[in-house]
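Asker: below are the sequence and a predicted model; questions follow.
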Amino acid sequence: MAQRDLEKADRAPTLGPTPLGLGGEGFRPNFYDIAIFILIAAVFVVLAHGAREWSAPAAKLAAEPITLDPALLPEYALRTTLRMFAAIVASLLFTFVVATLAAKSKRAELVIMPALDILQSVPVLGFLTFTVTFFLHLFPGSEFGAECAAIFAIFTSQAWNMAFSLYQSLRTIPRDLEDAALHFQMSPWLRFWRLDLPFAAPGLIWNTMMSMSGGWFFVVASEAITVGDTTVTLPGIGSWLAVAIAAKDLNAVVLAVLAMGAVILAYDQLIFRPIVAWGDKFRFEQTASRFRPHSWVYDWWRRGKLIRQIAGGAGWIVERVSDLPLPFTRPPRVFINVAPGKRSVGDWIWSALVFAIAGYALYRIVLYTRATLGLEDLATAFKFGLMTLVRVIVLIAIASAIWVPIGVWIGMRPRVANMVQPLAQFLAAFPANVLFPMAVVLIVALRLNPNIWLSPLMVLGTQWYILFNVIAGASAFPTDLREVGIMFHMRRWQRWRQIIIPGILPYYVTGALTAAGGSWNASIVAEVASWGDTRLRADGLGSYIADASASGDYPRVVLGIGVMAVMVVTCNRILWRPLYLLAERRFRLEQN
């Protein structure tokens, strides 16, 4: 009966005879409409509560310090969740604009992609060092300044992964779909919403979930901020964990993890699982998969009468906007491409301008650090950078060997992916720094070398980028291509070499690239671990920046971040960028 209701809802037109689709049963809601409206009303109540707290005076933070009272934990969990969703919305807007520009414009790509390479590797504390004071002065006397600093810190742990995912998808759109868009003279606006974004949806959805989960790793650094003499502690799970770890209170740590698990389960069921079920229709294939992801919230939405009418009205408004004579809604002009391998004079001028600006920025950095630092400090920073580089390479190789086969197995089985999704989100969201105290105790008790045994902590929170992207690639893998391998009786290794690896390569490159950048980012907290008064330190660039940030030594912070940026960009240009081009040119899905 329920399935017949859903099939009937799918066959029902979303737009009625009236412009907003409110004909027929228009304003007569059913049970499912009421349930959905209750959920929406609850969301608005939560948002109103958060807005009231954010506008409180800054003195309230000092007057009400963080306490480990279990009665306050639901409030802390709510505040953290609001910050993370504010950051994810900002990350989506950033992704739509920046990744689209990089994918569509060679000149923009020349600036944006190296910038993303650098920004994804800059540690959260590297951003906080220079942004906390800015936001506090931007909103003096208000808690909103500290909230903005925390949201920005979480944003810097989410945005780059999503931007790389959308960029990769837009660069690998099948040529026959691009030809169809040109044939129908789609405007940039229509092309983005009807071709670019639908094609990129499967990968972007999984990477958005990964970014949401990855933000939990840095929630302690974003809510319990200490930069030089400035200390800001915001109510939230992150600050609760910081206090619990400092007090060696294992019960409080366990309570925080349980609260975090409840929050993850709630937004998985209410938000991400419905989006995954809805986004499944954008898979690029000619043979439909036998199994589809399901969501009870999405089923309620489809069964609601008034909700469907309102959605149809919203769609009608969007279509009318796309018909307006605006610059971004006009069909593209016919133009002649420059011959491959040749660059126009404008391209050369743009490249020269970009390199000149980059050279001037480097010159200013050298002047700033030269005032207090010398060549010996530069050599020390590069030595520590090489140590961290070796750790990153080894850890990404091990994580790839483990998670690529598992991700393919999960992604090609929609039922399994549907069951594993909340567990994978929890594991990805589990703040690895909660395990740092345990690692400290074991290393001290067994007298192990911190330079070796603190290293795995760098990849605990970032390995999931590989898993989520491989699952996204395997989930978006066309069913007809899988059936080809079965029909020709290919051996397992032959199927992997000729079908599976080429099919998931663009997604794996995105996952491995962001995992590597995230490992550099995580080094600032993984190479310095503590439990109460016991503090262990591994030699590396992360601990170098962490020590400089804690002491307020800004020249060394700048030097450490600069060395890290140089190493990350070099690795990306030598390894990841060629793999991107290989995936774009040789392994793009085509229908003919």
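Answerer: In hand now; what should we look at?

Asker: next SSE after the lowest-mean-pLDDT helix or strand in the chain?
Answerer: Every helix and strand of the chain was ranked by mean pLDDT, DSSP states H and E. The lowest is helix 2-11, at a mean of 49. On the C-terminal side of helix 2-11, the nearest following helix or strand under DSSP states H and E is helix 31-54.

Asker: pLDDT (mean, whole number) over that following helix?
Answerer: For helix 31-54, mean pLDDT is 83.

Asker: now tell me what touches it from outside.
Answerer: 29, 78-79, 82, 143-144, 147, 235, 270, 297, 300-301, 303-307 (C-beta atoms under 8 Å, 6 or more residues apart in numbering). (Each C-beta comes from the backbone N, C-alpha and C, glycine too.)

Asker: any quick ChimeraX command for the buried ones out of these?
Answerer: In ChimeraX, this line selects whichever of the contacts of helix 31-54 come out buried by 16 or more other C-beta atoms under 10 Å:
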select :29,78,79,82,143,144,147,235,297,300,301,303,304,305,306,307
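
Asker: so which of the contacts of helix 31-54 belong to helices?
Answerer: 78-79, 82, 143-144, 147, 297, 300-301, 303, 305-307 (DSSP state H).

Asker: pLDDT weak spots in the stretch 101-250 of the chain?
Answerer: 121-130, 225-231 (pLDDT under 70).

Asker: all strands of it, in order?
Answerer: Using DSSP state E, counting those that start in this stretch, the strands of the stretch 101-250 of the chain run over 224-227, 230-233.

Asker: just the strands in the stretch 401-550 of the chain please.
Answerer: 528-531, 534-537.

Asker: and the ones you listed as JSON lines, adding distance to L258 and mean pLDDT?
Answerer: Shown next, in JSON lines, are the strands of the stretch 401-550 of the chain (distance: least, C-beta to C-beta, whole Å; pLDDT from 0 to 100):
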{"stretch": "strand 528-531", "distance to L258": "20", "mean pLDDT": "71"}
{"stretch": "strand 534-537", "distance to L258": "25", "mean pLDDT": "76"}
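
Asker: would JSON lines of the ones you listed with distance to Q120 and mean neighbour count be doable?
Answerer: Below are the strands of the stretch 401-550 of the chain laid out as JSON lines (distance: least, C-beta to C-beta, whole Å; neighbours: other C-beta atoms under 10 Å):
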{"stretch": "strand 528-531", "distance to Q120": "21", "mean neighbour count": "20"}
{"stretch": "strand 534-537", "distance to Q120": "24", "mean neighbour count": "15"}
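
Asker: now those strands in TSV, with distance to Y554?
Answerer: As requested, the strands of the stretch 401-550 of the chain are exported to TSV (distance: least, C-beta to C-beta, whole Å):
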stretch	distance to Y554
strand 528-531	18
strand 534-537	21
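
Asker: quick one: closest of these to K248.
Answerer: strand 528-531 (6.7 Å; C-beta to C-beta).

Asker: can you list the ones in helices among the contacts of helix 31-54 in JSON lines and add distance to D117?
Answerer: Shown next, in JSON lines, are these (distance: C-beta to C-beta, whole Å):
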{"residue": "L78", "distance to D117": "35"}
{"residue": "R79", "distance to D117": "33"}
{"residue": "L82", "distance to D117": "30"}
{"residue": "E143", "distance to D117": "34"}
{"residue": "F144", "distance to D117": "32"}
{"residue": "E147", "distance to D117": "29"}
{"residue": "V297", "distance to D117": "37"}
{"residue": "W300", "distance to D117": "42"}
{"residue": "W301", "distance to D117": "39"}
{"residue": "R303", "distance to D117": "46"}
{"residue": "K305", "distance to D117": "49"}
{"residue": "L306", "distance to D117": "47"}
{"residue": "I307", "distance to D117": "42"}
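
Asker: nearest to P555, of those residues?
Answerer: E147 (29.3 Å).

Asker: could you report the distance from S169 to E584?
Answerer: S169 sits 11 Å away from E584, taking C-beta to C-beta, to the nearest Å as the criterion.

Asker: and what of V257?
Answerer: 41 Å.
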